[in-house]
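[1] everything below, folded, please.
(one chain, ligands or ions: 2)
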Amino acid sequence: MIEQKGILFILSGPSGVGKGTVRKSLFEKDTELRYSISTTTRPIREGEKEGVDYFYRSKNEFEEMIENNQLLEYAQYVGNYYGTPRQYVEETLDAGKDVFLEIEVQGALQVKENFPEGVFIFLSPPSLEELKNRIVSRGTETESLVMNRLKAAKEEIELMDAYDYVVVNDQVSRAVDKVQAIVKSEHCKRERVASQYKKLLEVSES
Ligand SMILES: Nc1nc2c(ncn2[C@@H]2O[C@H](COP(=O)(O)OP(=O)(O)O)[C@@H](O)[C@H]2O)c(=O)[nH]1
Ligand SMILES: Nc1ncnc2c1ncn2[C@@H]1O[C@H](COP(=O)(O)OP(=O)(O)O)[C@@H](O)[C@H]1O
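    Ligands and ions are numbered 1, 2, ... in the order given. Model prediction:
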């Protein structure tokens with residue numbers, strides 16, 4: 001029997017492209033997906049909450065999690081650690097529920113090594129100019145950090161072809177519709193495989 005585990009979806013792409021915005025909007029519409037909250041050493045921003053946006057940890061605590069193999073993936077990004085707690089993802093998938101990760105590109109590549117059956121979605125900006133506008137207009141970064149993030153973005157864009165899907169975030173609602181369509185289509189694909197498998201077994205047993 002094919003195991004009915006949940007599907008792991010990974011939304012990735014450069015900082016400022018709109019991953020958080022698209023993910024939040026998606027979760028207002030899709031209550032079946034489970035969001036994996038990341039752990040980070042970056043300082044909490046105004047309006048963010050512990051255990052909602054991130055689990056905020058010290059560098060020592062984070063490094064202990066790495067040593068204890070408690071992270072599915074982790075990356076250093078513009079001076080801070082970010083990582084996906086392993087237990088939540090594994091338990092939720094085992095319970096047959098889909099898990100959604102929103103992470104940067106280095107981490108997504110690590111997940112691809114451990115979970116090649118995951119569904120990898122690259123969120124692309126319409127242009128680099130527009131990406132810069134979004135990072136600047138969000139107003140959370142100093143000028144030198146904006147330049148760091150843009151430099152990282154150019155390197156990240158080169159890794160786009162490792163992904164299963166590319167979604168351009170021109171308008172948030174359109175990008176959300178496309179991600180929802182991907183989720184639906186992956187479910188249909190899985191159901192087709194499961195039903196064909198069942199059919200073949202019935203034939204071979206009769
Ligand atoms: N590898 C990895 N990246 C993460 C994780 N959580 C968040 N990120 C990414 O880290 C980058 C920086 O996140 P953050 O400081 O919240 O800034 P923002 O997403 O640009 O607002 C973004 O690209 C996030 O998607 C994680 O668990 N693992
Ligand atoms: N499709 C879009 N059109 C215009 N602005 C957008 C769009 N998507 C996101 N933004 C804006 O761009 C900025 C960065 O978005 P955010 O979700 O924080 O990106 P990320 O999580 O990828 O770093 C925010 O100010 C957000 O409101």
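[2] from here on, contacts and neighbour counts on C-alpha atoms
    Will do.
[3] touching the helix or strand that contains residue 144 from outside, list them.
    Residue 144 is part of helix 143-157, with elements assigned from DSSP states H and E. If you take Cα atoms under 8 Å, 6 or more residues apart in numbering as the criterion, helix 143-157 is touched by 13-15, 78, 105, 124, 131-132, 135-136.
[4] whichever of these end up buried, select them in PyMOL.
    Here is the PyMOL command that selects only those of those that count as buried (16 or more other Cα atoms under 10 Å):
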select buried, resi 13+14+15+105+124+131+132+135+136
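[5] using CSV, please lay out the contacts of helix 143-157 together with pLDDT and secondary structure.
    Output for the contacts of helix 143-157, formatted as CSV (pLDDT from 0 to 100; DSSP: H, G, I helix; E, B strand; the rest coil):
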residue, pLDDT, secondary structure
13, 95, coil
14, 91, coil
15, 84, coil
78, 78, coil
105, 91, helix
124, 96, strand
131, 92, helix
132, 90, helix
135, 85, helix
136, 85, helix
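[6] out of the contacts of helix 143-157, which are close to ligand 2?
    Among the contacts of helix 143-157, proximity to ligand 2 is found for 14-15, 135 (Cα under 6 Å from any ligand atom).
[7] tell me the one of these nearest ligand 2?
    Proximity of those to ligand 2 (Cα to the nearest ligand atom) peaks at residue 15, which lies at 3.7 Å.
[8] my read: that closest one touches residue 104, true?
    Yes - at 7.3 Å, residue 15 counts as touching residue 104 under the criterion of Cα atoms under 8 Å.
[9] pLDDT below threshold where in the chain?
    Within the chain, the segments meeting pLDDT under 70 span 1-3, 140, 206.
[10] show me where it has strands.
    Counting by DSSP state E, the chain has strands at residues 8-12, 34-35, 38-40, 54-56, 71-77, 80-85, 99-103, 119-124, 165-168.
[11] can you list the residues of the chain near ligand 2?
    Residues of the chain lying close to ligand 2 by Cα under 6 Å from any ligand atom are 14-21, 134-135, 137-138, 169-172.
[12] buried only: go through those for me.
    Judged by 16+ other Cα under 10 Å, buried ones among the residues of the chain next to ligand 2: 14-20, 134-135, 169-170, 172.
[13] would TSV of the residues you listed with distance to residue 153 be doable?
    TSV is the format used below for these (distance: Cα to Cα, whole Å):
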residue	distance to residue 153
14	5
15	7
16	9
17	9
18	13
19	13
20	16
134	13
135	11
169	15
170	17
172	19
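[14] is any part of stretch 103-121 close to ligand 1?
    Yes - Stretch 103-121 lies within reach of ligand 1 by Cα under 6 Å from any ligand atom, at 103-104, 106-107.
[15] so of these, which ones are in helices?
    Counting by DSSP state H, the residues of stretch 103-121 next to ligand 1 place 106-107 in helices.
[16] can you put the residues of stretch 103-121 next to ligand 1 in TSV and add neighbour count?
    Below are those laid out as TSV (neighbours: other Cα atoms under 10 Å):
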residue	neighbour count
103	25
104	24
106	17
107	21
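[17] spatially, which two of the residues of stretch 103-121 next to ligand 1 are the most separated?
    Spatial extent of the residues of stretch 103-121 next to ligand 1 (Cα to Cα) is set by the pair 103 and 106 at 8.5 Å.
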